[in-house]
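[1] Provided below for reference: sequence and predicted model.
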Protein chains: 2
Amino acid sequence: MEQKAVQDFYPDDVAHCYGCGRLNEHGHQIKSFWDGDETVAKFFPKEYHTAIPGFVYGGLLASLIDCHGTGTAALVSYRLENRNYDTLPPFRFVTASLQVDFLRPTPLGGELELRGKIIEVKGKKVISEITISSNGAITARGVVVAVQMPESFLIK
Amino acid sequence: MEQKAVQDFYPDDVAHCYGCGRLNEHGHQIKSFWDGDETVAKFFPKEYHTAIPGFVYGGLLASLIDCHGTGTAALVSYRLENRNYDTLPPFRFVTASLQVDFLRPTPLGGELELRGKIIEVKGKKVISEITISSNGAITARGVVVAVQMPESFLIK
């Protein structure tokens, strides 16, 4: 199971996220996997995801960090309960806070790698550190505080 | 001059930002204005800017905060030098760090208002607090540390 992306198993009613929902045809559809004790996702920015010409828009980087952070929170929650991603109830997280440091410009025109490390799991909260690398060099680093989505968020 | 958006005066070679560049036809093209001692921008999310159905994607909110933060930095820089936006050299900022607290879900389907307050201006750095409101209620709050873009960022 662990070689599959957790987002591929989100129930349909929570699979429309612009960042990671497989049912959002306009969105980024990022996929978060385990790689040992770290989580990983890849993303290839479009040519129009520009900050200044030649570099990736910081808002996109913040979005990717945000979504890989919630994906990482779901991944670790299933792992801690030793559950497959298709078992119920699903783990689905929303972001409580996001902090991003833009360390250097991120070149536009190549694949980005996001890597996540778990900092803390406490109750319904998961804190992770997410880095973005381009050609092996870290260009942005963030911390995501994710909390399990309250049932009340769902519009019935 | 101050009733015009600062982004409308960015030189062409720095007007492609996905968040605020008037020359990026795929992007958000946000416009930041003064309103007294605060800055303001409006944005109407698209129906696909979904987090979970009915609510706005947090990554979009982070992007808007980021871009209105750099716009706010430019606005205050011109004001402090008592310069019109079309005078040279232009003030153009990039984000060094971004912190966002998502206070409550942001309903999808209405206009959002971003408001900026200057926290600190020090040398080439401007720190601002940016809030996002929906129907008069603040749903997200962020702090943006913006720094003047080094000339070396420009690809000649």
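    Now that the structure is in, tell me what you want to look at. Numbers count the residues shown, from 1 in each chain, chains lettered A, B, ... in the order given.

[2] can you pull the contacts of the residue nearest the centre of chain A?
    Taking Cα atoms, centre = their mean as the criterion, A:H68 is the residue nearest the geometric centre of chain A, at 1.0 Å. Listed by Cβ atoms under 8 Å, 6 or more residues apart in numbering or on different chains, the contact set of A:H68 reads A:30, A:32, A:39, A:41, A:114, A:116, A:130, A:144. For glycine as for every other residue, the C-beta is placed from the backbone atoms N, C-alpha and C.

[3] ok, now with 6 Å
    A:32, A:41, A:114, A:116, A:130 (Cβ atoms under 6 Å, 6 or more residues apart in numbering or on different chains).

[4] which strand or helix spans it?
    helix A:58-80 (DSSP states H and E).

[5] show me what counts as buried in that helix.
    A:58-79 (16 or more other Cβ atoms under 10 Å in any protein chain shown).

[6] now do stretch A:3-23
    A:5-7, A:9-10, A:14-22.

[7] would TSV of these with distance to B:N84 and secondary structure be doable?
    TSV is the format used below for the buried residues of stretch A:3-23 (distance: Cβ to Cβ, whole Å; DSSP: H, G, I helix; E, B strand; the rest coil):
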residue	distance to B:N84	secondary structure
A:A5	51	coil
A:V6	51	helix
A:Q7	48	helix
A:F9	55	helix
A:Y10	50	coil
A:V14	49	helix
A:A15	49	coil
A:H16	44	coil
A:C17	42	coil
A:Y18	37	coil
A:G19	39	coil
A:C20	43	coil
A:G21	44	coil
A:R22	48	coil
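
[8] is it true that A:G116 touches A:V40?
    No: counting by Cβ atoms under 6 Å, A:G116 does not reach A:V40; the two are 7.4 Å apart.

[9] who has more neighbours, the two?
    A:G116 (27 against 16; other Cβ atoms under 10 Å in any protein chain shown).

[10] in the sheet, who's paired with the more buried one?
    A:T39, A:I130 (DSSP bridges).

[11] tell me who's in contact with it.
    A:39, A:68, A:72, A:128, A:130.

[12] same deal with A:I130?
    A:65, A:68-69, A:114, A:116, A:142.
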